[in-house]
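**Q** Have a look; sequence and predicted model below, questions after that.
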Amino acid sequence: MPAAEEEQADPLDAVFRALGDATRRKLVHRLAQGEATVSELAEPFDMSLPAVSKHLVVLENAGLLKRRVDGRTHYCSLAPEALAGALDWITIYRQFWTRRLGGLAEHLKKER
């Protein structure tokens, strides 16, 4: 299945795929601080503007980024609602591991 079809098949897959890259996670972190131009987002990275733009397109396709165009300037902002599904999924497993580790702690206490 082509990548575009996979992203449409399950939005959560697209979000995790987008967040699977360290550069894109750094971009999301920066966008959490507020809107920025593509040039501002590219500034701290040792890569070309087109390379950063490709990362931004992945985030945009995953629904994590909103883009506003004013003339030739592109402004990007975080779309946090796209993270809700990922957070819900992670929370399930956080609860699972919290219970498991709590059980292990109790077992170790009894062993002493």
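**A** Alright, I've got the coordinates. Because the structure is predicted, anything quoted here is derived from the model rather than measured.
**Q** in this structure, which spans are helices?
**A** Assigned by DSSP state H, the helices in the chain fall at 3-9, 11-19, 22-31, 38-42, 49-61, 83-111.
**Q** Any chance of a markdown table for those, columns distance to residue 70, mean neighbour count and mean pLDDT?
**A** C-beta coordinates here come from the backbone N, C-alpha and C atoms, glycine included. Output for those, formatted as a markdown table (distance: least, CB to CB, whole Å; neighbours: other CB atoms under 10 Å; pLDDT from 0 to 100):
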| stretch | distance to residue 70 | mean neighbour count | mean pLDDT |
| --- | --- | --- | --- |
| helix 3-9 | 27 | 12 | 54 |
| helix 11-19 | 25 | 18 | 93 |
| helix 22-31 | 17 | 16 | 97 |
| helix 38-42 | 12 | 16 | 96 |
| helix 49-61 | 16 | 16 | 96 |
| helix 83-111 | 26 | 10 | 79 |
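**Q** of all those helices, which lies closest to residue 69?
**A** helix 38-42 (10.2 Å; CB to CB).
**Q** which residue is nearest the centroid of this protein?
**A** residue 19 (3.8 Å; CA atoms, centre = their mean).
**Q** Quick check, that one in contact with residue 28.
**A** Yes - if you go by CB atoms under 8 Å, residue 19 and residue 28 touch, sitting 7.0 Å apart.
**Q** so what sits against both of those two?
**A** Residues touching both residue 19 and residue 28 (CB atoms under 8 Å, 6 or more residues apart in numbering) are residue 64.
**Q** what bridges to residue 65?
**A** residue 78 (DSSP bridges).
**Q** Quick check: the gap between it and residue 54.
**A** 12 Å (CB to CB, to the nearest Å).
**Q** Next: residue 80.
**A** Taking CB to CB, one finds residue 80 at 22 Å from residue 54.
**Q** Perfect, that will be all.
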